[in-house]
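Novice: dropping a prediction and its sequence here:
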Amino acid sequence: MIYKILVIDDDVSFCSMIKTFLNKKGFETSGVFSFLEAEQLIKKQNFDLVLTDVRLPDSDGVKILQFVKDINPEIQVILMTGYADIKTAVNAMKLGAFDYVSKPINSDEILHTINQALINKLNIAEEKSEQTKVSKTSRNKQLNDLSVVKGKSEVSLELHKYIDLVAPTNISVLVIGDSGTGKENIAFSIHQQSKRASKPYIAVDCGAIPKELAASEFFGHLKGSFTGAINDKIGHFEAANGGTLFLDEVGNLSYEVQVQLLRALQERKIKPIGSSKEIDVDIRVIAATNEDLQRAVREGEFREDLYHRLNEFSIKAPRLSERENDILLFADFFLKQSNADLEKEIIDFSDEVKSIFLDYDWPGNLREMRNVIKRAVLLSSLNYIQKEVLPEEFFNTSSLNKTTNILLDTEDEFKLFSSKNEENTIITALEKAKFNKTKAAQILGIDRKTLYNKIKLYNIEL
Ligand SMILES: Nc1ncnc2c1ncn2[C@@H]1O[C@H](COP(=O)(O)OP(=O)(O)OP(=O)(O)O)[C@@H](O)[C@H]1O
């Protein structure tokens, strides 16, 4: 679906610049320079969203808002405002504007706000009509399309370049990255941008499947084929037929299941347990891991042939700390998401909190940020998030402590560099992290490069 946006601004070159930018992002746009022109066009055409300057030569953004909402309350309105007009923009939000963005406009911010407004429109449409014409899958697809922050940092641009490149093909993709870096999101984006987008996307958490049930989960079974098989069951392969199968935490599959999976992928056929009939399956596989699969292959824990079958192309999900220029964009996204979830209206983060966010290491990546912000929104009684509602680990002076403390729930604390037994500490952390160096570095609260140097220094064998 192509969304239609009307841009209203009396600055002709600015108006045409915004239009060009939005056209490039896949929106259909019209542009006008006054209230009168806008009035005529809105009466004639259906727009999904109106992006208007607060000050117009013959009127203002609030009038536009009222006019738009009278015609169709579902149309979303975003105001563009200079510093002097923020008060008007805030008032407009009380009257039903979705949001406002400050001039000079930041392209990522405006895109993000537009996407959020369109999600809001979809939600309103769905609430209004039980028989909405948008099917569940295509709605989810649209929602996901809109609810992703792409980011502007170098690593993010590169990430999306790879996604765009590989998505239209049928190549198997292995997404590698630390926990919470957005691997599943990347997998779904690839599916969405592929020719299989209208077909099923089935996500399987390989770590959650017991070995004994794996064959039935992946390939299905017939009623009565084993004790407990009280009904016929369609397996994930059949459910994903024509579409994409996402294998999350693929490193957790047992060796036997790896063999079964490889066979199904090579032969493109499956046989449900208890059935004598083979079923042809056409699926694209995307797998994700936060483990060092190459090491697992070397140590004989993961089959090399399956590894190569899954890893026709690999994509690295960057850590949040590597995406410095995106940190505030993500924070803003999670703030809006939490506002919507918790029915709150927090406007922004205080400058102090923003700078704390920029300095923090984010060992739990996007998932940690989402949780921290949701908690902060819940606890906040003010319009701006203040540092008092952030968890303790944000205020430990050294980044070593920060990272260690946040892992305390699941990991033991390591007092690195404060004692003589540094080498042992590193070895224990590596063992705990199953020799995943990224994870070991996280446990230790140091970066990967430092860990590599220490490994070299102590001649630790891996
Ligand atoms: N580009 C993005 N824009 C907005 N939110 C995102 C983006 N990527 C991930 N998220 C959010 O961050 C959280 C973690 O993402 P996701 O589950 O994809 O990470 P993951 O790497 O698969 O995690 P794990 O390794 O634990 O399985 C989710 O709440 C997800 O919605």
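Specialist: It's in.
Novice: need the residues of the protein near the ligand, please.
Specialist: Taking Cβ under 6 Å from any ligand atom as the measure of proximity, the chain contacts the ligand at 148-149, 177, 179-185, 248, 288, 290, 317, 333, 366-367, 370. Where you see a C-beta, it was placed from the backbone N, CA and C, and this is true even at glycine.
Novice: any of the residues you listed buried? List them.
Specialist: Neighbour counting with 16 or more other Cβ atoms under 10 Å marks 148-149, 177, 179-185, 248, 288, 290, 317, 333, 366, 370 as buried within the residues of the chain next to the ligand.
Novice: now the helices for the stretch 1-150 of the chain?
Specialist: 12-24, 35-44, 61-71, 86-94, 107-128, 136-146 (DSSP state H, counting those that start in this stretch).
Novice: and the one residue in the stretch 251-400 of the chain that gets nearest to the ligand, how far is that from S321?
Specialist: Residue nearest to the ligand within the stretch 251-400 of the chain (Cβ to the nearest ligand atom): L366, separated by 3.5 Å. Taking Cβ to Cβ, to the nearest Å as the measure, L366 falls 11 Å from S321.
Novice: then C206?
Specialist: Noted for C206: a distance of 27 Å to S321, by Cβ to Cβ.
Novice: give me the domain ranges for this protein.
Specialist: Following automatic domain parsing, one finds the domains of the chain at 4-128, 154-316, 320-395, 401-457.
Novice: what's around the closest residue in space to I385 that isn't next to it in sequence, how many residues?
Specialist: Nearest non-adjacent residue to I385, counting by Cβ to Cβ, 6 or more residues apart in numbering: F349, 4.6 Å away. Neighbour count of F349, defined by other Cβ atoms under 10 Å: 23.
Novice: start the count at 7 instead of 1 going forward.
Specialist: Understood, numbering begins at 7; the last thing we discussed is F355.
Novice: thought F355 was touching A337?
Specialist: Yes. At 6.4 Å, F355 counts as touching A337 under the criterion of Cβ atoms under 8 Å.
Novice: mutual contacts of those two, please.
Specialist: F363 (Cβ atoms under 8 Å, 6 or more residues apart in numbering).
Novice: just to revisit the earlier point, between C212 and S327, which is the more surrounded one?
Specialist: Higher neighbour count among C212 and S327: C212, with 23 against 17, using other Cβ under 10 Å.
Novice: hang on, the earlier thing: any idea which of the domains of the chain scores lowest on pLDDT?
Specialist: Mean pLDDT values for the domains of the chain show the minimum at domain 407-463, a mean of 63.
Novice: returning to what we had before: would you turn the helices of the stretch 7-156 of the chain into JSON lines with mean neighbour count?
Specialist: Shown next, in JSON lines, are those (neighbours: other Cβ atoms under 10 Å):
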{"stretch": "helix 18-30", "mean neighbour count": "15"}
{"stretch": "helix 41-50", "mean neighbour count": "16"}
{"stretch": "helix 67-77", "mean neighbour count": "19"}
{"stretch": "helix 92-100", "mean neighbour count": "16"}
{"stretch": "helix 113-134", "mean neighbour count": "18"}
{"stretch": "helix 142-152", "mean neighbour count": "16"}
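Novice: how about JSON lines for the ones you listed, with distance to L384 added?
Specialist: Listed next are those as JSON lines, based on distance: least, Cβ to Cβ, whole Å:
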{"stretch": "helix 18-30", "distance to L384": "34"}
{"stretch": "helix 41-50", "distance to L384": "38"}
{"stretch": "helix 67-77", "distance to L384": "30"}
{"stretch": "helix 92-100", "distance to L384": "21"}
{"stretch": "helix 113-134", "distance to L384": "20"}
{"stretch": "helix 142-152", "distance to L384": "23"}
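Novice: for the ones you listed, which one sits closest to V179?
Specialist: helix 142-152 (17.1 Å; Cβ to Cβ).
Novice: for that closest one, what is the average pLDDT?
Specialist: 48.
Novice: go through the helix or strand following it and flag the buried ones.
Specialist: Counting by DSSP states H and E, the next helix or strand C-terminal to helix 142-152 is helix 160-172. Using 16+ other Cβ under 10 Å as the test for burial, helix 160-172 gives 161-162, 165, 168-169, 172.
Novice: give me the contacts around whichever helix or strand comes after helix 160-172.
Specialist: Of the helices and strands lying after helix 160-172 in sequence (DSSP H and E), the nearest is strand 179-182. Here strand 179-182 makes contact (Cβ under 8 Å, 6+ apart) with 172, 189, 192-193, 196, 256, 291-296, 299, 316-323.
Novice: what sits against the residue in the chain positioned nearest to the ligand?
Specialist: Among the residues of the chain, G188 lies closest to the ligand, at 2.9 Å counting by Cβ to the nearest ligand atom. For G188, the contacting residues are 323, 371-372, by Cβ under 8 Å, 6+ apart.
Novice: run the last query once more with 7 Å
Specialist: 323, 372 (Cβ atoms under 7 Å, 6 or more residues apart in numbering).
Novice: P63: what's its closest spatial neighbour, skipping adjacent residues?
Specialist: P63 sits nearest to D16 (Cβ to Cβ, 6+ apart), 5.2 Å away.
Novice: residues contacting A214?
Specialist: Per Cβ under 7 Å, 6+ apart, neighbours of A214: none.
Novice: backbone dihedrals for it, please?
Specialist: Per-residue torsions, A214: phi -100, psi 0 (degrees, to the nearest 10).
Novice: if I look at it, how far off is D254?
Specialist: According to Cβ to Cβ, A214 stands 9 Å off from D254.
Novice: same question for E284.
Specialist: According to Cβ to Cβ, E284 stands 27 Å off from D254.
Novice: what's the answer for S231, then?
Specialist: For S231, the distance to D254 equals 27 Å [Cβ to Cβ].
Novice: one step back: need the buried ones from the contacts of strand 179-182 selected in PyMOL.
Specialist: Typed into PyMOL, the line below selects the buried ones among the contacts of strand 179-182, using 16+ other Cβ under 10 Å:
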select buried, resi 172+189+192+193+196+256+291+292+293+294+295+296+299+316+317+319+320+321+322+323
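Novice: just checking, W368 is part of a helix?
Specialist: No. Read with DSSP: H, G, I helix; E, B strand; the rest coil, W368 is coil and lies in no helix.
Novice: so what's it closest to, chain neighbours aside?
Specialist: Of all residues not flanking W368 in the chain, L326 sits nearest, at 4.1 Å (Cβ to Cβ, 6+ apart).
Novice: try I84
Specialist: Closest residue to I84 apart from its sequence neighbours, by Cβ to Cβ, 6+ apart: L57 at 5.1 Å.
Novice: D15 is in contact with the one you found, correct?
Specialist: No. Applying Cβ atoms under 7 Å as the test, L57 and D15 come out as separate, 8.2 Å apart.
Novice: which neighbours do those two share?
Specialist: Shared between the contact lists of L57 and D15 (criterion: Cβ under 7 Å, 6+ apart) are residues M86.
Novice: the more surrounded of these two?
Specialist: L57 (28 against 24).
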